[in-house]
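Peer 1: model the following, please.
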Amino acid sequence: MFVYVTGRSDALTPGGKVALVLSTWRLYGVIRLRLRGQPLPAVVESLRTPVPNPRRPVRPVRLGRMVHRSLTIGPLRTRCLFTSLVLFRLLRQQGEQPEFVVGLPARPEDKDAHAWIEIEGVDVGPPPGRSGHQEIARYG
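Peer 2: Prediction:
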């Protein structure tokens with residue numbers, strides 16, 4: 001459970017931030033393992049399962065930045081696929097209805113795709129979000 005500072009509804013205490021980082025890394029490990037044995041649509045479906053969550057929600061865009069920062073330590077940069085799936089799960093735990101989106105640049109020059117999360121058609125990250133990519137797949 002994350003601990004909140006009074007004042008802003010989604011301001012985390014230092015302990016709450018540590019809990020979020022640990023939860024983010026735990027989910028990252030779980031997702032990496034699942035993707036080794038299951039296709040992407042099955043992994044997304046497994047992350048949709050509701051989980052009771054007593055904590056107050058963090059705004060989706062802010063949570064996206066927090067997840068991105070948590071998975072960017074030193075020279076380590078996780079792929080947008082994993083970061084987006086972690087954010088997808090955390091948003092589901094908050095009761096949101098996120099959609100996992102995969103896209104290609106408007107003028108693709110290689111095979112690299114990009115992933116991001118949207119809620120009701122609004123890009124919530126993780127950074128850099130859609131950043132000019134054209135949707136090729138959407139999972140809700």
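
Peer 1: list phi and psi for residue 98.
Peer 2: phi -70, psi 160 (degrees, to the nearest 10).

Peer 1: how about it, nearest residue that isn't a chain neighbour?
Peer 2: Excluding its sequence neighbours, the residue lying closest to residue 98 (CB to CB, 6 or more residues apart in numbering) is residue 91, at 4.3 Å. No exception for glycine: its C-beta is placed from N, CA and C like everyone else's.

Peer 1: in which helix or strand would I find the one you found?
Peer 2: helix 80-93 (DSSP states H and E).

Peer 1: hmm, who's touching that helix?
Peer 2: The contact list for helix 80-93, computed with CB atoms under 8 Å, 6 or more residues apart in numbering, reads 23-24, 27-28, 31-32, 35, 43-44, 47-51, 53, 60, 63-64, 67-68, 71, 98, 100, 114-117, 119, 124-126.

Peer 1: export it as CSV, just CAs?
Peer 2: The C-alpha trace of helix 80-93 is given here as CSV (Å, rounded to 0.1, in the frame of the first residue of the first chain):
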residue,chain,number,x,y,z
CYS,A,80,8.4,0.9,-23.9
LEU,A,81,6.5,-2.4,-24.1
PHE,A,82,7.4,-3.4,-20.6
THR,A,83,6.9,0.2,-19.2
SER,A,84,3.5,0.5,-20.8
LEU,A,85,2.4,-2.9,-19.5
VAL,A,86,3.4,-2.0,-16.0
LEU,A,87,1.5,1.3,-16.2
PHE,A,88,-1.5,-0.6,-17.7
ARG,A,89,-1.6,-2.9,-14.7
LEU,A,90,-1.1,-0.1,-12.1
LEU,A,91,-3.9,1.9,-13.7
ARG,A,92,-6.2,-1.2,-13.7
GLN,A,93,-5.5,-1.6,-9.9
